[in-house]
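1. Next one to model:
(2 chains)
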2 protein chains.
Amino acid sequence: MKICIVGCGALGSVIAAHLARLGEIAVYVYDVSEAHMSAIQQHGLRISGAADFTVKVNATSNPREIPRCDFGIFATKSLHTRAAAEQTAHVFGESAPVCSVQNGLGNEEIIAQHIQLVIRGATTLAAHLIAPGHAGLEFYSTLWIGPFEPSGTPYKLVAQLAEIMNYAGLKVVALHDARGAQWTKLIFNSAVNAAGALTRLHHGAATRFAPTAALYEALLEEGEAVAKALGISLHGDPRKMIAEGARHPGKRNVSMLQDVLAKRLTEVDAVNGAIADRGEKLGVPVPLNRALWQLVKGIEHGWADPS
Amino acid sequence: MKICIVGCGALGSVIAAHLARLGEIAVYVYDVSEAHMSAIQQHGLRISGAADFTVKVNATSNPREIPRCDFGIFATKSLHTRAAAEQTAHVFGESAPVCSVQNGLGNEEIIAQHIQLVIRGATTLAAHLIAPGHAGLEFYSTLWIGPFEPSGTPYKLVAQLAEIMNYAGLKVVALHDARGAQWTKLIFNSAVNAAGALTRLHHGAATRFAPTAALYEALLEEGEAVAKALGISLHGDPRKMIAEGARHPGKRNVSMLQDVLAKRLTEVDAVNGAIADRGEKLGVPVPLNRALWQLVKGIEHGWADPS
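-> Model prediction:
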């Protein structure tokens, strides 16, 4: 069996390394970062933190070097979904399902424009890149996956992917409908990522500080109202996700804060922007998601040194 | 005539230097910054930018060295109003009026606990400290002053102070009721200061970038609704204040962004916090002022390196 991980950032690296460690699956990772791919080719892919091992993985920045695979996992930032789908569509053809494990809304729709069978996914696993070829895993957490409805992906393929990933030591739950899980993660992200990026507080500190905790709660309530108006039943409670992240020791910066500190464009369009757009369309008040979107876009705008 | 400037930051320095330049007034500046006071004693107080001159001023960090004065001007950050009023009350006694030119709500109330005659004030003059003994003046702008109602300050003293300051080259408007002008400035501040501090955009960039401009507008509307519920008629339009600031060339950071970059506690309690508190008490929706207050408090919390 061959599996291709598209986008080998922190999360993609963790998934790829676990699958490769089985020794039974040919794992291919694709990423535009030549330094990261080159380090993996030369020294293997290293994971440290909640797990500690190094494993050989096929790594390339040239999508033409990847053979046809049986499954795909999309782990790029949502900003890069379209380009990555265009570049790797030939790897999956019409029979290999591709699972998004990305943040935000809209990734599956974009992938489905280029690839036949799509699986919806969302995870609260926390990781960060330490150096080329080396990712830090803060803690294992659940990945929820389910068929992307418009692509008609058979549930048995979802269940098969979950089985493989669980066998590899990850924590995957296959669902017939993963929209609720994805919205729960989205709403969680809308609070912790934007507030973390703007305050520069690590996740535990922002969760324990009364003013930011109150802001989290107000953002969760906005997102829940939008989900309800869309007819989506949440799977789990974003408050539990927040508490789970805060229980782990250490000062962990949420991914949007990692992006801001590195002056990388964030995923705010696919998170707070997506909730605000849907809320405004439905007439559900979303002033806080809109405001946090505006502020994070302002941060990004500053990097261009505007006059 | 003797005038004491309490709090000799950027704004206090600009006012003190203009008054001292007349050569007819004994000007005393008081500030806790010994480096700044010492530089002024040794080399005079320098202003550059929209005006360029250096002038001798009596400067001290010891309030006991200041003689009884005829007028006082409070220009500390709102955080330091209470301590400054306690330390300088003896300079003013029961007959010398003291005018707040500070940001935010509540300064006059605190000063009036220690000093008999208080004048309310608000200004959009823009300045920043360049070095000890040296302030940069970006542009002249209006200072509105009026009696602080509970202290029963006679209007003729307000008019006299305005006359002196106008004679010194400043731009002062005496009003029988300055609450509307103060709220206009407050509402202006609630938008430009908090958004600037959070996005790190300079004033012109934040004003011209559509997402932050839309956030400004939403914040102005919240503040205007609170003012209306309090029965306060605005004096002028905060939108014109925003446009005035953006017309001036150069990349000017608003004062709350200057504070954040220097890791100094900000005035967000007296600005967005004050609007949010009053709105929530009156039942006027203020989600954005509350959220921006929460975010800026989060930034400040981070400087303590919380676990």
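2. can you give me the helices in chain A?
-> If you assign secondary structure with DSSP state H, the helices in chain A sit at A:10-21, A:34-43, A:81-92, A:107-112, A:155-167, A:179-199, A:203-208, A:210-229, A:238-247, A:255-261, A:274-282, A:287-302.
3. Would you mind giving these as JSON lines with mean pLDDT and distance to chain B added?
-> No exception for glycine: its C-beta is placed from N, CA and C like everyone else's. JSON lines is the format used below for the helices of chain A (pLDDT from 0 to 100; distance: least, Cβ to the nearest Cβ, whole Å):
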{"stretch": "helix A:10-21", "mean pLDDT": "98", "distance to chain B": "22"}
{"stretch": "helix A:34-43", "mean pLDDT": "98", "distance to chain B": "28"}
{"stretch": "helix A:81-92", "mean pLDDT": "98", "distance to chain B": "22"}
{"stretch": "helix A:107-112", "mean pLDDT": "98", "distance to chain B": "22"}
{"stretch": "helix A:155-167", "mean pLDDT": "98", "distance to chain B": "34"}
{"stretch": "helix A:179-199", "mean pLDDT": "97", "distance to chain B": "3"}
{"stretch": "helix A:203-208", "mean pLDDT": "97", "distance to chain B": "4"}
{"stretch": "helix A:210-229", "mean pLDDT": "98", "distance to chain B": "4"}
{"stretch": "helix A:238-247", "mean pLDDT": "94", "distance to chain B": "11"}
{"stretch": "helix A:255-261", "mean pLDDT": "96", "distance to chain B": "10"}
{"stretch": "helix A:274-282", "mean pLDDT": "98", "distance to chain B": "11"}
{"stretch": "helix A:287-302", "mean pLDDT": "98", "distance to chain B": "3"}
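4. Which of these sits closest to residue B:261?
-> Residue B:261 sits nearest to helix A:287-302 of all the helices of chain A, at 12.3 Å, using Cβ to Cβ.
5. returning to that earlier point: I'd like the helices of chain A laid out as a markdown table, including mean neighbour count.
-> Listed next are those as a markdown table, based on neighbours: other Cβ atoms under 10 Å in any protein chain shown:
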| stretch | mean neighbour count |
| --- | --- |
| helix A:10-21 | 26 |
| helix A:34-43 | 17 |
| helix A:81-92 | 20 |
| helix A:107-112 | 23 |
| helix A:155-167 | 18 |
| helix A:179-199 | 27 |
| helix A:203-208 | 22 |
| helix A:210-229 | 20 |
| helix A:238-247 | 17 |
| helix A:255-261 | 21 |
| helix A:274-282 | 19 |
| helix A:287-302 | 24 |
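6. Turn the ones you listed into a markdown table, including distance to residue B:164.
-> Below are the helices of chain A laid out as a markdown table (distance: least, Cβ to Cβ, whole Å):
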| stretch | distance to residue B:164 |
| --- | --- |
| helix A:10-21 | 63 |
| helix A:34-43 | 65 |
| helix A:81-92 | 65 |
| helix A:107-112 | 65 |
| helix A:155-167 | 77 |
| helix A:179-199 | 43 |
| helix A:203-208 | 49 |
| helix A:210-229 | 42 |
| helix A:238-247 | 57 |
| helix A:255-261 | 48 |
| helix A:274-282 | 51 |
| helix A:287-302 | 41 |
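7. And those: which comes nearest residue B:67?
-> Nearest of those to residue B:67, taken as Cβ to Cβ: helix A:210-229 at 43.7 Å.
8. Run the angle between that closest one and helix A:274-282 for me.
-> Relative orientation of helix A:210-229 and helix A:274-282, computed by axes from the mean of the first three to the mean of the last three Cα atoms, to 10 degrees: 50 degrees.
9. Centre of the chain to helix A:210-229, how far?
-> Here the centre of helix A:210-229 is set off from its chain's centre by 20 Å, with Cα atoms, centre = their mean, to the nearest Å.
10. Stretch A:277-288 now?
-> 24 Å.
11. For residue A:98, give me its contacts.
-> Shown in contact with residue A:98 (Cβ atoms under 8 Å, 6 or more residues apart in numbering or on different chains): A:6, A:71, A:72, A:73, A:74, A:92, A:111, A:115, A:117, A:118, A:119.
12. Next, the nearest residue to residue A:118 once chain neighbours are set aside: phi, psi?
-> Nearest non-adjacent residue to residue A:118, counting by Cβ to Cβ, 6 or more residues apart in numbering or on different chains: residue A:148, 3.8 Å away. The phi/psi pair for residue A:148 (degrees, to the nearest 10) reads phi -80, psi 110.
13. which residue packs closest to the residue nearest the centre of chain A, ignoring adjacent ones?
-> Centroid-nearest residue in chain A, with Cα atoms, centre = their mean: residue A:102, separated by 2.7 Å. Spatially, and ignoring its direct neighbours in sequence, residue A:102 is nearest to residue A:78 (5.4 Å; Cβ to Cβ, 6+ apart).
14. Surely residue A:177 and residue A:148 touch.
-> No: between residue A:177 and residue A:148 there is no contact under Cβ atoms under 8 Å: 10.6 Å.
15. Looking at the two, which is more packed in?
-> Set side by side, residue A:177 and residue A:148 show more neighbours around residue A:148, with 25 against 15, by other Cβ atoms under 10 Å in any protein chain shown.
16. And the pLDDT for the more buried one?
-> On pLDDT, residue A:148 comes in at 97.
17. ditto for the one 4 residues further on
-> pLDDT, residue A:152: 94.
18. contacting residues around it?
-> Residues in contact with residue A:152 (Cβ under 8 Å, 6+ apart) are residue A:117.
19. Over to residue A:51?
-> Counting by Cβ under 8 Å, 6+ apart, the residues that residue A:51 touches are A:18, A:137, A:140, A:169.
20. Contact partners for the first one?
-> Right, residue A:18. Counting by Cβ under 8 Å, 6+ apart, residue A:18 has contacts A:47, A:51, A:165, A:168, A:169, A:170.
21. Can you give me the neighbour number for the fifth one?
-> Which is residue A:169. Applying other Cβ under 10 Å, I find that residue A:169 has 13 neighbouring residues.
22. Just give the closest residue to it, not the sequence neighbours.
-> Nearest one to residue A:169, counting by Cβ to Cβ, 6+ apart, is residue A:18 at 5.2 Å.
23. What of the third one?
-> Closest residue in space to residue A:165, ignoring its immediate chain neighbours: residue A:172 at 4.4 Å, by Cβ to Cβ, 6+ apart.
24. In contact with that neighbour, which residues are there?
-> Residues near residue A:172 by Cβ under 8 Å, 6+ apart: A:142, A:143, A:144, A:145, A:161, A:162, A:165, A:166.
25. Residue A:148 reaches residue A:115, doesn't it?
-> No: look at residue A:148 against residue A:115 with Cβ under 8 Å: they stay out of range, at 10.0 Å.
26. Keep only those of the contacts of residue A:51 that are in strands.
-> Secondary structure from DSSP state E places residue A:137 of the contacts of residue A:51 in strands.
27. State the pair within the contacts of residue A:51 that is farthest apart.
-> A:137 and A:169 (10.9 Å).
28. Just grab the bridge partners of residue A:147 for me.
-> Here residue A:147 sits in beta bridges with residue A:119, going by DSSP bridges.
29. any idea how far it lies from chain B?
-> 35 Å (Cβ to the nearest Cβ, to the nearest Å).
30. tally of neighbours for that residue?
-> Neighbour tally, residue A:147, other Cβ under 10 Å: 24.
31. these two touch, right, it and residue A:120?
-> Yes: Residue A:147 is in contact with residue A:120 according to Cβ under 8 Å; the separation is 7.0 Å.
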